[in-house]
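Visitor: pasting the sequence and the predicted coordinates here, then a few questions.
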Amino acid sequence: MSQITTAPPTTQTPEELDVVIVGAGYSGIHQLYHYRKKGYSVRVLEAESDLGGAWWWTRYPGARVDSEAPFYQLSIEEVWKDWVWTERFPCRDEVCEYYQHVERTLGVKQNIRFNSRVVSARFSDLLHQWIITTQDGFVIHSRFFVLAIGSASKSYTPPFADIANFKGICIHTASWPKELPVEGKRVAVIGTGASGVQVIQSIGPQVAHLTVFQRTPNYALAMQQRKLDKESQDKSKRLFPVMFRRCRQTPNGFSFDKYPKSLHATTPEERLLFFEDLWTAGGWRFVTNNYMDIFTDQEANDQAYAFWRSKVCERVHDPEMREKLAPTLPPYPFGSKRPSLEINYYDVFNQQNVDLVDLNKCEILKFTPSGIQTADGVDHVFDIIVLATGFHTFTGPYTALKVHAADGTDILEKWADGVYTNLGMTVHGFPNFFYMYGPQSAGSCNGPTCSEVQSDWIVGCISHALSNGFTRVEATREAEIEYRRLILELNERSLSKSSTEPTSFKGDLAQYGRLCREVAEDGYRGFVFSSQVGSRARL
Ligand SMILES: Cc1cc2nc3c(=O)[nH]c(=O)nc-3n(C[C@H](O)[C@H](O)[C@H](O)COP(=O)(O)OP(=O)(O)OC[C@H]3O[C@@H](n4cnc5c(N)ncnc54)[C@H](O)[C@@H]3O)c2cc1C
């Protein structure tokens, strides 16, 4: 049993609400909107000082959405009807401006307490309430507790030896300051995942020298960025309601789907033409709209890889560099890791001032006062080291925010021998608690679609409890065991089978949404609803 964090003494009488939501990104705002509409008392606690979710603190150069417009937005009509995107793949500042538009249309800030980092929450089985505490000692009581903290609330820095010895600037992409000039500097970027690709292509043309440390090549796809005009967006809006519905019926949360034909049913010429069309369409189309057996058939997967590789090789001049960025033999199945979208990523590697260290051949030994020493004894000298090393995803966010059951059990203790959840939103032993975008939620898909599928389900479950006079709802242990069994079974069938515990639901979004709907239609199968004698369902 772990220690329960106690708040500093306070004279405040805790507020008692129907629902408390943590996080004011897409997920938290969608939740807030629906509870307000139903007349429930609700409050959002947000760690940062403004709206924007992950985009508020994502300030690294070149930060840009990889999900294309118009899909990367809330499906709430009051919001989309007057909003116009300027680019197909919007930049970070435009997404933050979109959040201000959300405020102008919905006035959500009146229900949000900013600068309120939640540090702990404990369920009281006496009160059937959650007692939630923020870092500044604010305490609030709520019947239901929803975590909408995203998957990137805790950045990850590998345990590099002597990292503190470096005398220059060492910065994680998640904590990029408002001002950090890079022109004329010697810069290292460690990591070639989503943020690594964007930083590299953005600062590559500006810096004096760039060294990229790569562990795994990113199968980055051509973004095919373009400007969007108001007139054509306005015209397409009459189809938005059907488009948002359609997004929930596809594997990845966009309105488009896999091509309903096997690669083997086509000739090599047809295949080439089809691949070229997908490439020109840009974005993730080469993954999401490709032949139906690309992810289930090794031969089909290899052919997609070979086409992608040919596109990279056309761009990169040096044969050695080509082999590092796009190896002849695929290091992992095509599409099994979320590819980034690139604009000039591969061109940067043709510059004389850019080199790449393959960490599989030459490890980072340690950080030194002037830079990084690699296993071959070379001292690389830098002014700035950028850690594009990602986030503690999966259960990582729960190390900073302690969620306790009524008996004091920390949620991480419960998950010590394997993660058990029901539908990737609820946990046995943690009644009236829901989370979004977390362990065992739907996997690789467009963020807003994923979060709205979950948000609607949670709103439905809480409304079912409140309207029927229930003050407590809890997932059964049997339902958790069954859900975990399903995830492991789907993992076994996948080409991109994870050898460790799968972090997300291994089916696609459409399948996940169907399962959630069936559970609700079956009277919330796998959940136990109950009430305290003499208590009111609504607080
Ligand atoms: C750099 C980056 C690029 C991305 N690009 C894409 C993309 O192209 N396409 C896509 O679909 N998805 C992308 N994502 C994923 C993105 O997280 C989702 O699209 C979307 O933002 C999820 O919304 P959310 O509201 O669930 O979480 P978030 O937007 O992450 O919002 C969570 C909120 O919770 C707050 N919070 C966290 N912990 C606490 C706490 N303890 N107390 C109080 N508040 C807390 C945070 O400050 C934040 O405001 C990207 C994420 C990152 C970090």
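Guide: Perfect, thanks for sending it.
Visitor: below-threshold pLDDT in the chain: ranges please.
Guide: 1-12, 533-539 (pLDDT under 70).
Visitor: which residue ends up closest to the midpoint of it in space?
Guide: residue 151 (4.9 Å; CA atoms, centre = their mean).
Visitor: SS state for that residue?
Guide: coil (DSSP: H, G, I helix; E, B strand; the rest coil).
Visitor: so how far is the ligand from it?
Guide: 6 Å (CB to the nearest ligand atom, to the nearest Å). Where you see a C-beta, it was placed from the backbone N, CA and C, and this is true even at glycine.
Visitor: residue 422 and residue 477 touch, don't they?
Guide: No. Residue 422 lies out of contact with residue 477 (CB atoms under 8 Å); the separation is 9.3 Å.
Visitor: please enumerate the shared neighbours of those two.
Guide: residue 428 (CB atoms under 8 Å, 6 or more residues apart in numbering).
Visitor: between those two, who's got more neighbours?
Guide: With neighbours defined as other CB atoms under 10 Å, residue 422 and residue 477 compare such that residue 422 has more, 24 against 13.
Visitor: show me what contacts the more buried one?
Guide: 428, 475, 476, 479, 480, 483, 526, 527.
Visitor: find the closest residue to the ligand in the stretch 401-539 of the chain.
Guide: residue 447 (2.3 Å; CB to the nearest ligand atom).
Visitor: picking up where we left off before, for the residue nearest to the centre of the chain, grab phi and psi.
Guide: phi -110, psi 0 (degrees, to the nearest 10).
Visitor: would you confirm that residue 321 contacts residue 351?
Guide: No. At 10.7 Å, residue 321 and residue 351 do not qualify as touching, with contact defined as CB under 8 Å.
Visitor: circling back to that earlier point, the residue of the stretch 401-539 of the chain closest to the ligand and residue 25, how far apart?
Guide: 9 Å (CB to CB, to the nearest Å).
Visitor: of the two, give the one with the bigger neighbour count.
Guide: Relative neighbour count places residue 25 above the other of residue 447 and residue 25, with 27 against 21, counting by other CB under 10 Å.
Visitor: excluding its backbone neighbours, what's nearest the more buried one?
Guide: What sits nearest to residue 25 in space, not counting adjacent residues and going by CB to CB, 6 or more residues apart in numbering, is residue 53, at 2.3 Å.
Visitor: what's the neighbour count on that neighbour?
Guide: Per other CB under 10 Å, the neighbour tally for residue 53 reads 26.
Visitor: that one: what's it in contact with?
Guide: 23, 24, 25, 26, 27, 28, 99, 150.
Visitor: try 10 Å
Guide: Residues near residue 53 by CB atoms under 10 Å, 6 or more residues apart in numbering: 23-29, 46, 95-96, 99, 148-150, 152-153, 447, 451.
Visitor: likewise residue 52?
Guide: 24, 25, 46, 58, 92, 95, 96, 97, 98, 99, 100, 102.
Visitor: just the buried ones from those residues, in PyMOL syntax?
Guide: In PyMOL, this line selects whichever of the contacts of residue 52 come out buried by 16 or more other CB atoms under 10 Å:
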select buried, resi 24+25+46+58+92+95+96+98+99+102
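Visitor: closest one of the contacts of residue 52 to the ligand?
Guide: Nearest member of the contacts of residue 52 to the ligand, counting by CB to the nearest ligand atom, is residue 25, at 2.3 Å.
Visitor: that closest one and residue 296, how far apart?
Guide: 33 Å.
Visitor: with residue 142 instead?
Guide: Going from residue 142 to residue 296 by CB to CB gives 44 Å.
Visitor: higher neighbour count, the two?
Guide: Higher neighbour count among residue 142 and residue 296: residue 142, with 24 against 13, using other CB under 10 Å.
Visitor: how about the contacts made by the more buried one?
Guide: By CB under 10 Å, 6+ apart, the contact set of residue 142 is 14-21, 41-43, 121, 129-132, 432, 539.
Visitor: in strands only, show me these.
Guide: 15-21, 42-43, 121, 129-132 (DSSP state E).
Visitor: determine which two of the residues you listed are furthest apart.
Guide: 42 and 131 (16.7 Å; CB to CB).
Visitor: grab the nearest non-local neighbour of residue 200.
Guide: residue 189 (5.4 Å).
Visitor: near the ligand, which residues of the chain are found?
Guide: Selection of the chain residues close to the ligand by CB under 6 Å from any ligand atom yields 22-28, 45-48, 53-54, 56, 58, 65-67, 117-118, 148-153, 194-195, 401, 436-437, 446-447, 451.
Visitor: please pick the buried ones from the residues you listed.
Guide: Buried residues within these, counting neighbours by 16+ other CB under 10 Å: 22-28, 45-48, 53-54, 56, 58, 65-67, 118, 148-153, 194-195, 401, 436-437, 446-447, 451.
Visitor: now residue 168: closest residue in space that isn't a chain neighbour?
Guide: Nearest to residue 168 is residue 383, by CB to CB, 6+ apart, at 4.9 Å.
Visitor: now the contacts of residue 422: which count as buried?
Guide: 428, 475, 479, 480, 483, 526, 527.
Visitor: give me the contact list for the host helix or strand of the third one.
Guide: Using DSSP states H and E, residue 479 maps to helix 477-493. Taking contacts as CB under 10 Å, 6+ apart, the residues outside helix 477-493 that touch it are 296, 418-424, 426-429, 440, 443, 475-476, 497-499, 501-508, 511, 515, 519, 524-528.
Visitor: how about whatever helix or strand comes next after that helix: buried residues?
Guide: Once helix 477-493 ends, the next helix or strand along the chain (criterion: DSSP H and E) is helix 509-521. For helix 509-521, burial by neighbour count (16+ other CB under 10 Å) applies to 509, 510, 512, 513, 515, 516, 519, 520.
Visitor: how long is stretch 170-186 end to end?
Guide: One end of stretch 170-186 to the other measures 12 Å (CA to CA, to the nearest Å).
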